[in-house]
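Engineer: turn this into a structure:
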Amino acid sequence: MAAAFRVFARKGYTEGMSGHISVRDPEHPHTFWTNPLGRHFGLLKASDMVLVDYDGNVVGGNTSRPANAAGFLIHSAVHKARPDVIAACHTHNVCYFHGEAQAVYPEFGGVVFSAEEGARLAAALGPKGKGLILRNHGLLTVGGTVDEAAYLFTLMERSCEVQLMVEAAAANGMQKVYVGEQEAAYTFQMASDPEALYWEFQPDLEYEDEMCGGAFRK
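Structural biologist: Below is the predicted model:
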């Protein structure tokens, strides 16, 4: 399972703290192993894994980090309903740019060398904006911390990539299925506060720290 997580990391299947793999314990099939919350996929070892039962109790493995609550609800339901299922994998991104959190700046004025252009960009972002698409220019994200703004940028870049693939599929006749307004608003409300977005970036930050030996601290 740890090796599978590292393969996921190399293939870019990481989105902040989201994503989990579970595997049913061979001796106690009413329990399963899963990854701890907030550890980057590329750093996971077998000793990091958490053993939980169907009631959400940690019954073995690593107890220094909690399991992912949403991940537990998904995987426990799957393992209970399907005794034949030994392992399950799940990764995703969510509606962090719902409603007023995302805006578009339609006018490309070239490289910004004037205060007026900067002011128009800020006005387009608005008082509640988290991400701004600058047409023919690039992306801009903001946050209460570097971590929040940086995580939102990586997520917005990935979301644009996914959207382009969706549009290509739709152009070939595949019907788009939209997230419902109520579901999108609920997800945004539950997952997009500044503290949550700060923590979403920590796995990538921890991974970078280890990969470069802390060089950015010097």
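Engineer: now the helix or strand hosting residue 75: buried residues?
Structural biologist: For residue 75, the element it lies in under DSSP states H and E is helix 69-81. Buried residues in helix 69-81, defined by neighbour count with 16 or more other Cβ atoms under 10 Å: 71, 72, 75, 76, 79. (Each C-beta comes from the backbone N, C-alpha and C, glycine too.)
Engineer: how near is the first one to residue 32?
Structural biologist: Meaning residue 71. 11 Å (Cβ to Cβ, to the nearest Å).
Engineer: tell me, what's touching the two both at once?
Structural biologist: Taking Cβ atoms under 8 Å, 6 or more residues apart in numbering as the contact rule, residue 71 and residue 32 both touch residue 22.
Engineer: tell me where this protein has strands.
Structural biologist: 20-24, 31-34, 50-53, 58-61, 87-90, 102-105, 131-134, 138-141 (DSSP state E).
Engineer: of the ones you listed, which is nearest residue 42?
Structural biologist: strand 20-24 (13.6 Å; Cβ to Cβ).
Engineer: average pLDDT for that closest one?
Structural biologist: Confidence for strand 20-24, expressed as mean pLDDT, is 92.
Engineer: residue 141: what's it in contact with?
Structural biologist: Going by Cβ under 8 Å, 6+ apart, residue 141 touches 130, 131, 132, 149, 150, 152, 153, 156.
Engineer: just flag the most distant two among the residues you listed.
Structural biologist: Using Cβ to Cβ, the contacts of residue 141 span at most 15.1 Å, a distance reached by 132 and 150.
Engineer: coming back round to it: CA atoms of the helix holding residue 75 as PDB?
Structural biologist: Written as PDB, here are the backbone C-alpha positions of helix 69-81 (Å, rounded to 0.1, in the frame of the first residue of the first chain):
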ATOM      1  CA  ALA A  69     -12.600  11.200   8.800                       C
ATOM      2  CA  ALA A  70     -14.100  11.500   5.300                       C
ATOM      3  CA  GLY A  71     -11.900   8.700   4.100                       C
ATOM      4  CA  PHE A  72     -13.000   6.500   6.900                       C
ATOM      5  CA  LEU A  73     -16.600   7.000   6.100                       C
ATOM      6  CA  ILE A  74     -16.100   6.100   2.500                       C
ATOM      7  CA  HIS A  75     -13.800   3.100   3.000                       C
ATOM      8  CA  SER A  76     -15.600   1.600   6.000                       C
ATOM      9  CA  ALA A  77     -18.900   1.600   4.100                       C
ATOM     10  CA  VAL A  78     -17.300  -0.100   1.000                       C
ATOM     11  CA  HIS A  79     -15.600  -2.700   3.100                       C
ATOM     12  CA  LYS A  80     -18.700  -3.500   5.100                       C
ATOM     13  CA  ALA A  81     -20.900  -3.700   2.000                       C
END
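Engineer: check which helices and strands it sits against.
Structural biologist: Under the contact criterion of 3 or more Cβ pairs under 8 Å, 6 or more residues apart in numbering; DSSP states H and E, helix 69-81 touches strand 20-24, strand 31-34, strand 87-90.
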